[in-house]
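[1] need coordinates for the below:
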Amino acid sequence: MSEVKPKSQFNQLMTAVKTSMEDQLISVIYRDRIRTERTRRYELKAPTRKTEIEVMHTLLGIELRISRRRLLCPDLSTARYLSVFAQLGVAEVAVPYEINRIAKLADDLESSWYRMLTLIEHLTPEADAAVRRRVRSTLIREQRLEIAGMGAGPAVPQFNQNTRQRRQK
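    The predicted structure follows:
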């Protein structure tokens with residue numbers, strides 16, 4: 001009978017976090033705001049286990065460090081954008097082709113990430129650390145699988161090749 005209580009507590013915590021986040025989940029932002037526009041595929045190859053992720057300012061520019069691997073990024077907002085997906089352990093991700101959109105999306109994705117972690121801590125004050133870790137890892141795994149299921153899109157974005165200004169008769 002003691003096994004039923006932790007299982008039901010786990011399910012209640014999962015549904016509570018998901019319902020309070022609703023459209024602010026990372027997978028929902030990815031589906032509704034990133035995959036709907038023109039993107040390019042970026043191979044992140046992030047490990048699924050928990051690793052140290054750091055945005056570094058070096059003499060060569062901005063780099064994203066995933067455990068021992070370093071990825072050169074064109075700007076800080078792209079590094080922040082990719083760091084959220086690296087924390088989820090996503091192998092490939094779609095990056096918006098328009099650079100000016102990445103900063104706002106990075107803000108929203110980071111807010112969603114930290115809100116998810118804060119909600120887990122807030123909704124599980126009396127729960128033991130094992131339940132908390134299990135809720136966190138399950139939510140991260142679900143987000144990773146949903147993003148992988150949506151795909152990363154084409155390696156090179158599609159361009160409208162029609163340059164004719166007049167209407168065809």
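[2] use CA for all of it now, contacts and neighbours both
    Fine.
[3] helices or strands next to the longest helix along the chain in the packing?
    Counting by DSSP state H, the longest helix found in the chain is helix 99-123. If you count contacts as 3 or more C-alpha pairs under 8 Å, 6 or more residues apart in numbering; DSSP states H and E, helix 99-123 packs onto helix 4-21, helix 26-29, helix 76-88, helix 129-150.
[4] which residues touch it?
    13, 16-17, 21, 24-26, 29, 77-78, 80-81, 84, 95-96, 132, 135-136 (C-alpha atoms under 8 Å, 6 or more residues apart in numbering).
[5] out of the residues you listed, which are buried?
    The neighbour count (16 or more other C-alpha atoms under 10 Å) marks 13, 17, 21, 24-26, 29, 77-78, 80-81, 84, 95-96, 132, 135-136 as buried among these.
[6] what about residue 23, which SS state?
    Three-state call for residue 23 (DSSP: H, G, I helix; E, B strand; the rest coil): helix.
[7] ok, it touching residue 29?
    Yes: at 7.1 Å, residue 23 counts as touching residue 29 under the criterion of C-alpha atoms under 8 Å.
[8] who touches the helix or strand where residue 63 lies?
    Per DSSP states H and E: residue 63 is located in strand 61-66. Strand 61-66 has contacts (C-alpha under 8 Å, 6+ apart) with 46, 51-57, 70-76, 79, 82-83, 86.
[9] buried ones only from these, please, as a PyMOL command.
    Those of these that count as buried under 16+ other C-alpha under 10 Å are selected in PyMOL with:
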select buried, resi 46+53+54+55+56+73+76+79+82+83+86
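[10] which other helices and strands contact the helix or strand following the strand holding residue 63?
    Using DSSP H and E, the helix or strand that follows strand 61-66 in sequence is strand 69-73. Strand 69-73 sits against strand 61-66, with contacts defined as 3+ C-alpha pairs under 8 Å, 6+ apart.
[11] partners of the strand it packs on, with directions?
    strand 53-58 (antiparallel), strand 69-73 (antiparallel) (DSSP bridges).
[12] just put these in JSON lines and tack on mean pLDDT and distance to residue 123.
    Formatted as JSON lines, those follow (pLDDT from 0 to 100; distance: least, C-alpha to C-alpha, whole Å):
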{"stretch": "strand 53-58", "mean pLDDT": "96", "distance to residue 123": "26"}
{"stretch": "strand 69-73", "mean pLDDT": "95", "distance to residue 123": "35"}
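[13] between the ones you listed, which gets nearest to residue 127?
    Distance to residue 127, taken as C-alpha to C-alpha, is lowest for strand 53-58 among the strands paired with strand 61-66, at 27.3 Å.
[14] which residues are contacting that closest one?
    Outside strand 53-58, the residues touching it (C-alpha under 8 Å, 6+ apart) are 62, 63, 64, 65, 66, 67, 79, 80, 83, 86, 87.
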